[in-house]
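S.K.: Kindly generate the corresponding structure for this input.
(one chain, ligands or ions: 1)
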Amino acid sequence: MGDGEALPAGVELYRGNHPARFWRLLVESEPPAALWEAAAHEATVELPPAARRGDLDHLLWATLGEGQFGPDHWHLSQPRRLYYLLKPLLVRGLRVRLRRLHAARARRRFPLDWPVEDRYRRFLWEVVGGVMRRLGATELPFLFFWPEGTRFALVLTHDVEDEAGQRFAGRVADLEEKLGFRSSFNFVGERYRLDRGLIDDLLRRGFEIGVHGLRHDGHEYDSWAVFESTARRVNLTLAELGATGYRAPMTHRHPAWMQSLEVEYDTSFFDSDPFEPVPGGTMSLWPFQIGRFWELPYTLPQDSTLVDLLGERTPRLWLEKVDYVSRHCGMALLNSHPDYLRHARYWSVYEAFLGEMRAREGYWHALPREVARWWRRRAEGGHAAALAGGREARLHRPAEGRVEVAPPAGSGPPAPFSGDGERGPGEAAGSGGAGRPILPR
Ligand SMILES: [Zn+2]
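M.R.: Now for the predicted structure:
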């Protein structure tokens, strides 16, 4: 970006994600902005070539804002438009074959890594490493990413595509409840008649409800005019359901347009996904801000990608990604569909995944709105003690080699995570301290 060049549209939406706000260093005086800028400039070598541009504002826009994919990124290509126009007419088997044909090509042409895209993570680590070097620090405390000394977060979400999925949602909830999990179910506002009995039941049992667009017909993001009128009705649905979260149908998405949604958080973006109608990725393993809302990118491949596209019969890929997320203290967020989970191949993979996660420890299992609120408070709050559940962790910068994160010590008696009292009825606070998953009861 040359001097005097106009700022790309949407840059301002990502300013809240300055690395200083990501790291939340617990130091007497915050390092000056120029120091962060210099460290960031140096760290750009970690990023994909198309994202290495300008100052921190630009870097955040190019990565989190997907600016690296060019000015037409949010527009669907003509062949894709045609495919989504015809999709409802195609039998499922043919749809799957077409997607598989396309998948190999999509991956070859995709500029990000998948399923693990590590470069934004490395960038953030290098930035703070550069700041430490300039401060002459080999160790610095920071406000850890997750409450109560848990190492990473696990968030389960579902999009309820159609009536069949709605009819099956209760069974999915039963399985999760049996294994000690809770999730959010995103319903399409005006595609099928919403089952209020089911929704009330899910809420009572501690699940969350979100909105998955209005019609799911592939046209909600056709133009600003269409989206604006759609968003108004989506907002009504959100208010009616008392929902605060949104996921765009088919992950058609547009960060600037989506500012008219009255939501606390969104889950339409992802860290890396070559297989979506608008492929791309924010490269982030953590929640981040897009203007008025918090984004919780999904970071595990979608169920249809895993089972239909890749032909997987086990949760191996999900679990490997969870291992990677855990190593770097990120967020594992999964989107699966009751409409697909009705089929035995899907069900067995999902059941096996939950069974495996049930046996693992030391992570925070939370609803998306809890995670969004935690990150908002973490970004705004003062020191660790001022934030309910806040823990101090340490950054180590060895003389040789890269910065390492030392999560909070997992010792001591478990303290209940009381949150901020914003929970709705039926949504109990998770309990249990370090070393145990915090499972909503
Ligand atoms: Zn959908």
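S.K.: So which bits of the stretch 51-200 of the chain are right by the ion?
M.R.: 159, 161 (Cβ under 5 Å from the ion). C-betas here are computed from N, CA, C, even on glycine.
S.K.: and with 8 Å instead?
M.R.: Selection of the stretch 51-200 of the chain residues close to the ion by Cβ under 8 Å from the ion yields 159, 161, 186, 188.
S.K.: quick one: contacts for residue 107?
M.R.: 114, 274-275 (Cβ atoms under 8 Å, 6 or more residues apart in numbering).
S.K.: The closest residue to the ion within the stretch 151-300 of the chain: neighbouring residues, count only.
M.R.: Closest approach of the stretch 151-300 of the chain to the ion (Cβ to the ion) occurs at residue 159, with a separation of 4.2 Å. A total of 28 residues lie near residue 159 under the criterion other Cβ atoms under 10 Å.
S.K.: A helix includes it, no?
M.R.: No - looking at residue 159 with DSSP: H, G, I helix; E, B strand; the rest coil, it is strand, so not inside a helix.
S.K.: what stretches of the stretch 251-400 of the chain score poorly on pLDDT?
M.R.: By pLDDT under 70, the low-scoring segments of the stretch 251-400 of the chain are 382.
S.K.: Go again with 80.
M.R.: The stretch 251-400 of the chain contains residues with pLDDT under 80 at 381-385, 400.
S.K.: follow-up on the earlier one: output the contacts of residue 107 in TSV; the columns should cover distance to residue 294.
M.R.: Output for these, formatted as TSV (distance: Cβ to Cβ, whole Å):
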residue	distance to residue 294
114	24
274	25
275	25
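S.K.: looking at the residues you listed, which has the most residues close by?
M.R.: residue 274 (21 neighbours).
S.K.: Enumerate the residues of the stretch 201-350 of the chain near the ion.
M.R.: Counting by Cβ under 8 Å from the ion, the stretch 201-350 of the chain sits next to the ion at 212-213, 216, 247, 249-250, 337.
S.K.: these two touch, right, residue 20 and residue 36?
M.R.: Yes - between residue 20 and residue 36 there is a contact under Cβ atoms under 8 Å: 5.7 Å.
S.K.: For these two, indicate the residue with more neighbours.
M.R.: residue 36 (21 against 18).
S.K.: Which other helices and strands does the helix or strand where the more buried one lies contact?
M.R.: Following DSSP states H and E, one finds residue 36 within helix 33-43. Helices and strands touching helix 33-43, as assessed by 3 or more Cβ pairs under 8 Å, 6 or more residues apart in numbering; DSSP states H and E, comprise helix 19-23, helix 56-63, helix 119-135.
S.K.: Among those, which comes closest to residue 378?
M.R.: Nearest of the helices and strands packed on helix 33-43 to residue 378, taken as Cβ to Cβ: helix 19-23 at 9.0 Å.
S.K.: contacts for the closest one?
M.R.: 30-31, 33, 36, 39-40, 56, 124, 127-128, 142, 286, 288, 379, 395.
S.K.: where do the contact lists of residue 20 and residue 36 overlap?
M.R.: What both residue 20 and residue 36 touch, as defined by Cβ under 8 Å, 6+ apart, is an empty set.
S.K.: what sits against the residue of the stretch 251-400 of the chain found nearest the ion?
M.R.: Closest residue of the stretch 251-400 of the chain to the ion, Cβ to the ion: residue 337 (6.9 Å). Going by Cβ under 8 Å, 6+ apart, residue 337 touches 158-161, 165, 302-304.
S.K.: what's the answer for residue 213, then?
M.R.: Here residue 213 is in contact with 188-189, 220, 230, 234, 246-249 (Cβ under 8 Å, 6+ apart).
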